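Student: quick one, structure for this:
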Amino acid sequence: MQQTPKSHDEVWEESKPNLEGMENIIRNHFGMPCTFGGELGRGSYARCFRYTLKNGRDLAARIILPIREYAKTEVEVATMTLLRGQYSSQLSIVRF
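Tutor: Next up, the predicted model:
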């Protein structure tokens with residue numbers, strides 16, 4: 001009997017992303033406290049979350065599902081690189 005593939009929501013729930021860990025990464029990177037602002041949106045393989053630094057700067061953090069992470073990250077970095085040419089002052093540099 002063939003198994004039904006899991007939905008993205010099921011895979012997401014099983015992966016148990018560490019949002020406190022993401023907050024720690026942001027705090028350490030920017031050298032200041034930040035607060036969690038909730039979920040911004042859901043894609044097929046990722047979820048975006050809002051964080052606000054103590055200085056008022058808003059950030060979007062994207063966490064991808066643990067399915068071919070490296071390939072998806074490469075595509076997203078390539079997309080941001082392309083867009084940066086048009087909107088250079090609005091996009092951050094991504095390093096991985």
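
Student: and stretch 15-30, average pLDDT?
Tutor: The pLDDT scores in stretch 15-30 average 88.

Student: what's around the residue lying closest to L65 once chain neighbours are set aside, how many residues?
Tutor: Residue nearest to L65 in three dimensions, not counting chain neighbours: Y45, with 4.9 Å by Cβ to Cβ, 6 or more residues apart in numbering. (Each C-beta comes from the backbone N, C-alpha and C, glycine too.) For Y45, the neighbour count with other Cβ atoms under 10 Å is 18.

Student: list the contacts for A60?
Tutor: Residues near A60 by Cβ atoms under 8 Å, 6 or more residues apart in numbering: L40, C48, F49, R50, Y51.

Student: next, format those residues as TSV and append pLDDT and distance to T79.
Tutor: As requested, these are exported to TSV (pLDDT from 0 to 100; distance: Cβ to Cβ, whole Å):
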residue	pLDDT	distance to T79
L40	85	17
C48	86	14
F49	90	19
R50	91	20
Y51	92	21
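
Student: what about those, which are in strands?
Tutor: L40, C48, F49, R50, Y51 (DSSP state E).

Student: would you mind checking these for buried ones?
Tutor: Among the ones in strands among the contacts of A60, those classed as buried by 16 or more other Cβ atoms under 10 Å are F49, R50, Y51.

Student: wait, doesn't the first one sit right on E39?
Tutor: In other words, F49. Yes: between F49 and E39 there is a contact under Cβ atoms under 8 Å: 5.7 Å.

Student: the spatially closest residue to R47 that is not a sequence neighbour - how many residues pack around it?
Tutor: Leaving aside its chain neighbours, R47 sits nearest to I63 (5.6 Å; criterion: Cβ to Cβ, 6+ apart). I63 has 18 neighbours, counted by other Cβ under 10 Å.

Student: residues touching I63, list them.
Tutor: P17, M22, A46, R47, C48, F49.

Student: my read: the fourth one touches G41, true?
Tutor: Yes: with contact defined as Cβ under 8 Å, R47 counts as touching G41 (7.4 Å).

Student: neighbour count: the two, which is higher?
Tutor: Between R47 and G41, R47 has the larger neighbour count (other Cβ under 10 Å), namely 18 against 11.
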